[in-house]
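Asks: What follows is a protein structure lacking sequence information:
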Ligand SMILES: *Cc1c(COP(=O)(O)O)cnc(C)c1O
């Protein structure tokens, strides 16, 4: 548990250093602690160090953890692939969904968002790596999808998310993150008001912050290496 505390401090320091290097205000970059596969006890330890927002990719696992941790009032973000048969549970339990790839899923989430909860905060996931990555909508399809999602009553479209292909090539990585930022800027020029770029993980958060990330999604650097699932 002391490891989690030290790791969280180290990640916050990395974000602060990346912001300083980019001339950005650190309040513009939120840390999402990705707790998928980790126990409720690990999440509780991170919460004890002041971490409030947690990311999960598997619905059943996440819902069980939320029940155990209900006393903490944490903010839960769904970041994994989302199938139609899981939208109801996600709409009921999460504050954010980062991984909207299709209008049908967004429509279901809006229709199933329980009355009395604030709108579900959502990002559209964009495939900025072309053939090299399978998740996310094609960049060319993002404007129409964003316009349609922005009209749904119980969702609030906040921005875009991307997971570039793994690469050691820092210039390529930067270009992927820059592509997401440019797409966001183009959508805003077209009349949307997107304030969020969800990009950057344990190994590439510096490059993402340099290109304008507002939420970095960090698992391994906080909780350690996951067992292969
Ligand atoms: C697992 C996951 C992360 C965290 O990745 P790490 O490399 O462990 O930091 C971030 N984003 C998404 C969408 C994930 O599924």
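Replies: Perfect, I can see it now. This structure is a prediction, so every number in the text was calculated from the model and none was measured.
Asks: Tell me the residues on the protein that lie near the ligand, please.
Replies: Residues of the chain lying close to the ligand by Cβ under 6 Å from any ligand atom are 34, 36, 57, 79-80, 163, 201-202, 217-221. C-beta: built from backbone N, CA, C; applies to glycine.
Asks: show me what contacts residue 24?
Replies: Residue 24 makes contacts with residue 209, as judged by Cβ atoms under 8 Å, 6 or more residues apart in numbering.
Asks: should've said residue 167
Replies: With contact set as Cβ under 8 Å, 6+ apart, residue 167 has these partners: residue 173.
Asks: pLDDT score assigned to it?
Replies: On pLDDT, residue 167 comes in at 93.
Asks: can you name the two of the residues of the chain next to the ligand that are farthest apart?
Replies: 80 and 221 (18.8 Å; Cβ to Cβ).
Asks: coming back round to it: from the residues of the chain next to the ligand, which land in strands?
Replies: Among the residues of the chain next to the ligand, the members found in strands (DSSP state E) are 34, 217, 218.
Asks: wait, the second one sits on residue 34?
Replies: Think residue 217. Yes - contact criterion Cβ atoms under 8 Å: residue 217 and residue 34 qualify, at 5.3 Å.
Asks: okay, and the common contacts of these two?
Replies: Common neighbours of residue 217 and residue 34 are listed as 55, 79, 201 (criterion: Cβ under 8 Å, 6+ apart).
Asks: From those, keep the buried residues only.
Replies: Among the shared contacts of residue 217 and residue 34, those classed as buried by 16 or more other Cβ atoms under 10 Å are 55, 79, 201.
Asks: Regarding the residue lying closest to residue 150 once chain neighbours are set aside, what is its secondary structure?
Replies: Leaving aside its sequence neighbours, residue 150 sits nearest to residue 157 (Cβ to Cβ, 6 or more residues apart in numbering; 4.5 Å). Counting by DSSP: H, G, I helix; E, B strand; the rest coil, the backbone at residue 157 sits in strand.
Asks: if I read this right, residue 157 contacts residue 192, doesn't it?
Replies: Yes - in this structure, residue 157 is within contact of residue 192 by Cβ under 8 Å, at 7.0 Å.
Asks: Low-confidence ranges, this protein, go.
Replies: Residue ranges of the chain with pLDDT under 70: 1, 229.
Asks: rerun at 90
Replies: 1-2, 131-134, 227-229 (pLDDT under 90).
Asks: which residues of it fall in strands?
Replies: 30-34, 53-56, 75-78, 96-100, 120-125, 155-161, 196-198, 215-218.
Asks: and the ones you listed as a markdown table, adding distance to residue 22?
Replies: Shown next, in a markdown table, are the strands of the chain (distance: least, Cβ to Cβ, whole Å):
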| stretch | distance to residue 22 |
| --- | --- |
| strand 30-34 | 16 |
| strand 53-56 | 21 |
| strand 75-78 | 23 |
| strand 96-100 | 22 |
| strand 120-125 | 21 |
| strand 155-161 | 18 |
| strand 196-198 | 13 |
| strand 215-218 | 13 |
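Asks: Contact partners for the closest residue to residue 119 other than its chain neighbours?
Replies: Of all residues not flanking residue 119 in the chain, residue 156 sits nearest, at 4.2 Å (Cβ to Cβ, 6+ apart). By Cβ under 8 Å, 6+ apart, the residues touching residue 156 are 119, 120, 121, 122.
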